[in-house]
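1. My questions concern the predicted model and sequence given below.
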Amino acid sequence: MGIAMIEPFIRTFQAKPFIESSMMRSVVVTGCTSGIGQALTNYLAARGNFVIGIGRDARKCAATEKAMTTKHPAGLGRVITADLSKVSEVRRAAEEIQQVLGTQGKPSLDALVNNAGVFSSWYITTSEGFELQFAVNQLAPFALTHFLMPVLRQSSSGRIVTVSSGSHQGAKLRWNDLQRSRRYSGLAAYQSTKLMNLLFTLELSRRLQATPYLQAYAADPGLVATDMGFKGTDWIGKSIWAWRKRQGRTPEESAPGLAFLVNENPPPPWSLYWLDGKPITPSRLAQDSQTAQRLWKELERMTGINSSDYGLVA
Ligand SMILES: NC(=O)c1ccc[n+]([C@@H]2O[C@H](COP(=O)([O-])OP(=O)(O)OC[C@H]3O[C@@H](n4cnc5c(N)ncnc54)[C@H](OP(=O)(O)O)[C@@H]3O)[C@@H](O)[C@H]2O)c1
């Protein structure tokens with residue numbers, strides 16, 4: 001059933017069969033100042049990738065950049081400060097990334113990892129009027145992917161990897177209330193954004209069909225012992241996360257699985273969703289192409305982004 005639903009999107013690799021290991025790839029990792037994104041940034045920089053990170057806190061960004069360039073001078077990474085809960089900041093970050101690539105003499109961006117994420121026990125509205133989890137976890141990946149499309153298209157083997165979660169299983173979308181303003185539950189809102197990550201990737205992949213050298217994947221990092229559940233949560237959320245965290249693996253253990261999607265060519269047939277370098281099956285709803293197309297149109301409307309302006313034609 002699952003394969004049948006995604007059959008139209010199964011594509012063989014017409015690009016180079018393997019990414020040349022000697023090539024220094026340029027990679028953007030959002031949410032690089034803690035947890036999974038920080039571990040991935042270190043992992044990629046240690047292997048000679050040129051990493052541009054994004055974080056929301058200027059001091060943490062400076063510390064992350066210093067640590068990266070001290071430990072891995074060959075990578076010479078950069079970290080940009082931007083609050084990804086605002087589309088205007090996402091746009092500015094994308095412009096800065098293109099400037100950094102330009103000063104490094106790199107015309108292309110080889111991979112974008114949409115990793116930054118938040119959980120919030122409370123319904124919080126951003127200054128642009130969106131619910132916080134929806135804005136950071138889904139609107140930002142949608143907008144950043146568009147704004148970076150010109151440089152991603154310059155890569156001979158480009159990747160857009162969006163970090164979803166096993167918690168999307170069982171999630172539903174409320175079409176008349178996508179941001180869950182009514183009877184808000186932090187967990188349900190989080191789970192629906194993680195479902196959106198998969199639907200976004202499914203539709204992105206369909207829109208990239210004519211561009212086989214550019215591939216989109218969603219990743220499950222597994223249960224990882226980060227501090228995510230301690231930020232923006234009430235005491236119940238913190239208590240549950242303290243218990244869950246004890247069962248999680250380290251961020252360093254989750255990094256290779258994500259780096260695999262950034263730097264390796266997963267074997268065909270194309271799969272939407274990966275964990276530790278192996279294809280896994282998302283929920284049935286996450287494989288529904290009509291739902292994915294409908295969500296995409298909503299995201300275009302909300303952000304004011306016209307996908308065809310970026311070559312992502314329906
Ligand atoms: N941990 C898990 O078990 C797990 C499981 C499945 C999926 N995931 C997913 O993995 C991703 C990373 O989560 P994590 O566990 O590593 O959490 P984390 O440790 O809290 O890291 C999240 C990163 O996103 C950044 N961030 C948050 N809001 C931002 C904003 N408005 N603008 C820019 N950056 C922002 C954070 O900055 P600060 O450093 O300033 O907080 C941090 O760098 C998320 O997408 C999450 O949904 C996690």
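-> On my side now, so go ahead. Residues are numbered from 1 along each chain as shown.

2. quick one: the strands in the protein?
-> Applying DSSP state E to the chain gives strands spanning 26-30, 50-55, 78-81, 111-114, 158-163, 214-219, 273-275, 278-279.

3. could I get these as TSV with mean pLDDT, mean neighbour count and distance to the ligand?
-> C-betas here are computed from N, CA, C, even on glycine. Shown next, in TSV, are those (pLDDT from 0 to 100; neighbours: other CB atoms under 10 Å; distance: least, CB to the nearest ligand atom, whole Å):
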stretch	mean pLDDT	mean neighbour count	distance to the ligand
strand 26-30	97	28	6
strand 50-55	96	27	5
strand 78-81	97	22	8
strand 111-114	98	28	8
strand 158-163	98	26	4
strand 214-219	97	24	8
strand 273-275	98	20	10
strand 278-279	96	12	16
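
4. any chance of those strands in a markdown table, plus distance to residue 237?
-> Conversion of the strands of the chain to a markdown table gives the following (distance: least, CB to CB, whole Å):
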| stretch | distance to residue 237 |
| --- | --- |
| strand 26-30 | 23 |
| strand 50-55 | 22 |
| strand 78-81 | 27 |
| strand 111-114 | 23 |
| strand 158-163 | 20 |
| strand 214-219 | 24 |
| strand 273-275 | 25 |
| strand 278-279 | 31 |
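
5. quick one: which of those is nearest residue 314?
-> Within those, the stretch nearest residue 314 is strand 214-219; the backing value is 15.4 Å (CB to CB).

6. now the closest one: how far from the chain's centre is it?
-> With CA atoms, centre = their mean, to the nearest Å as the basis, strand 214-219 stands 9 Å off its chain's centre.

7. Show me what it pairs with in its sheet, parallel or antiparallel.
-> Applying DSSP bridges, strand 214-219 is found paired with strand 158-163 (parallel), strand 273-275 (parallel).

8. Same list (those strands) but as TSV, adding distance to residue 265.
-> Listed next are the strands paired with strand 214-219 as TSV, based on distance: least, CB to CB, whole Å:
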stretch	distance to residue 265
strand 158-163	10
strand 273-275	12
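
9. Please give me every residue in contact with the nearest residue to residue 37 once chain neighbours are set aside.
-> Distance criterion CB to CB, 6 or more residues apart in numbering; nearest residue to residue 37, sequence neighbours excluded, is residue 31 at 3.9 Å. Residues in contact with residue 31 (CB atoms under 8 Å, 6 or more residues apart in numbering) are 37, 54-55, 84, 115-117.

10. Out of those, which end up buried?
-> Buried residues within the contacts of residue 31, defined by neighbour count using 16 or more other CB atoms under 10 Å: 37, 54-55, 84, 115-117.

11. what would those residues look like in a markdown table with distance to residue 27?
-> Formatted as a markdown table, the buried ones among the contacts of residue 31 follow (distance: CB to CB, whole Å):
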| residue | distance to residue 27 |
| --- | --- |
| 37 | 11 |
| 54 | 12 |
| 55 | 15 |
| 84 | 17 |
| 115 | 11 |
| 116 | 14 |
| 117 | 18 |
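
12. can you pull the pLDDT of residue 72?
-> Turning to residue 72, the model gives it a pLDDT of 82.

13. and if you look at the one 5 residues further on?
-> According to the per-residue confidence, residue 77 scores 88 in pLDDT.

14. can I assume it is in contact with residue 41?
-> Yes: at 7.1 Å, residue 77 counts as touching residue 41 under the criterion of CB atoms under 8 Å.

15. who's in contact with the residue in the stretch 101-250 of the chain that the ligand sits nearest to?
-> Taking CB to the nearest ligand atom as the measure, the point where the stretch 101-250 of the chain comes nearest the ligand is residue 117, at 2.4 Å. By CB under 8 Å, 6+ apart, the residues touching residue 117 are 31, 136-137, 163, 193, 228.

16. can we see that at 6 Å?
-> By CB atoms under 6 Å, 6 or more residues apart in numbering, the contact list for residue 117 reads residue 137.

17. any chance you could read off phi and psi for it?
-> Backbone torsions of residue 117, given as degrees, to the nearest 10, read phi -160, psi 160.

18. so how far is residue 214 from it?
-> Using CB to CB, to the nearest Å, residue 117 is found at 23 Å from residue 214.

19. Using CSV, write out every CA atom in stretch 160-168.
-> C-alpha atoms of stretch 160-168 as CSV (Å, rounded to 0.1, in the frame of the first residue of the first chain):
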residue,chain,number,x,y,z
ILE,A,160,17.1,18.9,1.2
VAL,A,161,16.8,16.9,4.4
THR,A,162,14.0,17.8,6.8
VAL,A,163,14.1,16.4,10.3
SER,A,164,10.7,14.9,11.2
SER,A,165,9.9,12.5,14.0
GLY,A,166,8.3,9.1,14.7
SER,A,167,5.8,11.1,16.7
HIS,A,168,4.0,12.1,13.5
